[in-house]
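J.: After the sequence you'll find the predicted model.
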Amino acid sequence: MRSISASMDAITTAEVVRPILLVECDFDTAPLYLWNGVGNLSYDSKTYVGAGNLLSVGGISESTDLVANGTTVSLTGVNNQLAAIARDEDYQGRELVIKLGAMDESGDVIADPVPLFNGFMDVMSINEGGEYSTITVSVENRLIRFDMPKQGRYTDQDQKMRYPDDRGLDMVSSIQQLDIVWGRPGGNNTGGSGYGGAGTGHRGAGGLDRY
């Protein structure tokens, strides 16, 4: 269940509502912040670039079932130089967040925008035009990770990739083919000083076993 601030809850019954969309893309070189208005918007120590109607978000659906429903984000009117940067970016698997916010009469963002979607960028397509292009990226829901196979192994190398100073699996490779013999060699314990043996076993006075 999402939490919603009292200020955002109040606008649901307001006579005038000024909704906005905020999109945060965690690209490898630097994050990109967009919103569907005009000009730059400063909020939460971030500067969102106004894309106006050129920014569009696909349908966002939820269900009571554990289903990883994805969506798409498109940006139209991108110059070819920016399109080339987006094409060469290491974006796949990076986080993308879509938030629904609202503005007050002064044009300030009402605290706090509600996260509508939180997922990972998957496939980006660029439709190049003569001067401007359209970039569309499909976004997978975070639940998609439940369907991904785990790649971890119980090996020393794999463990040190996560925890370099952990030596808990140092001896795994050396014991894989190790034969371990339990008990005494030969398996015959009928003599000597063993428990219950016929020799000088642990017996108390009167010949009664102490154990």
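T.: Sure, I can see it.
J.: The protein: helices as residue ranges?
T.: Secondary structure of the chain (DSSP state H): helices located at 6-11, 80-88, 156-162.
J.: Just the buried residues of the last one, please?
T.: When you say that, I think you mean helix 156-162. Buried residues in helix 156-162, defined by neighbour count with 16 or more other C-beta atoms under 10 Å: 156, 159. Quick note: C-beta positions are derived from backbone N, CA and C, even for glycine.
J.: now the first one
T.: Neighbour counts using 16+ other C-beta under 10 Å place 8, 11 of helix 6-11 among the buried residues.
J.: Quick one: mean pLDDT over the longest strand anywhere in the chain.
T.: Assignment by DSSP state E gives strand 114-128 as the longest strand of the chain. Taken as a whole, strand 114-128 has an average pLDDT of 89.
J.: strands paired with it, and their directions?
T.: Note on strand 114-128: by DSSP bridges, its sheet partners are strand 95-102 (antiparallel), strand 132-141 (antiparallel).
J.: chain center to the last one: distance?
T.: In other words, strand 132-141. Put simply, strand 132-141 sits 20 Å off its chain's centre (C-alpha atoms, centre = their mean, to the nearest Å).
J.: can you pull the buried residues of it?
T.: Neighbour counts over strand 132-141 (16+ other C-beta under 10 Å) mark 133-141 as buried.
J.: sorry, back to before: any chance of the helices of the chain in a markdown table, plus distance to residue 119 and mean pLDDT?
T.: Below are those laid out as a markdown table (distance: least, C-beta to C-beta, whole Å; pLDDT from 0 to 100):
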| stretch | distance to residue 119 | mean pLDDT |
| --- | --- | --- |
| helix 6-11 | 22 | 83 |
| helix 80-88 | 18 | 78 |
| helix 156-162 | 24 | 79 |
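J.: Can you say which of those is nearest to residue 112?
T.: Of all those, helix 6-11 sits nearest to residue 112, with 6.6 Å by C-beta to C-beta.
J.: that older thread, among the buried residues of strand 132-141, which one has the lowest pLDDT?
T.: residue 141 (83).
J.: roughly how far apart are it and residue 132?
T.: 30 Å (C-beta to C-beta, to the nearest Å).
J.: Kindly reformat the strands paired with strand 114-128 as TSV and extend each row with distance to residue 4.
T.: TSV is the format used below for the strands paired with strand 114-128 (distance: least, C-beta to C-beta, whole Å):
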stretch	distance to residue 4
strand 95-102	10
strand 132-141	20
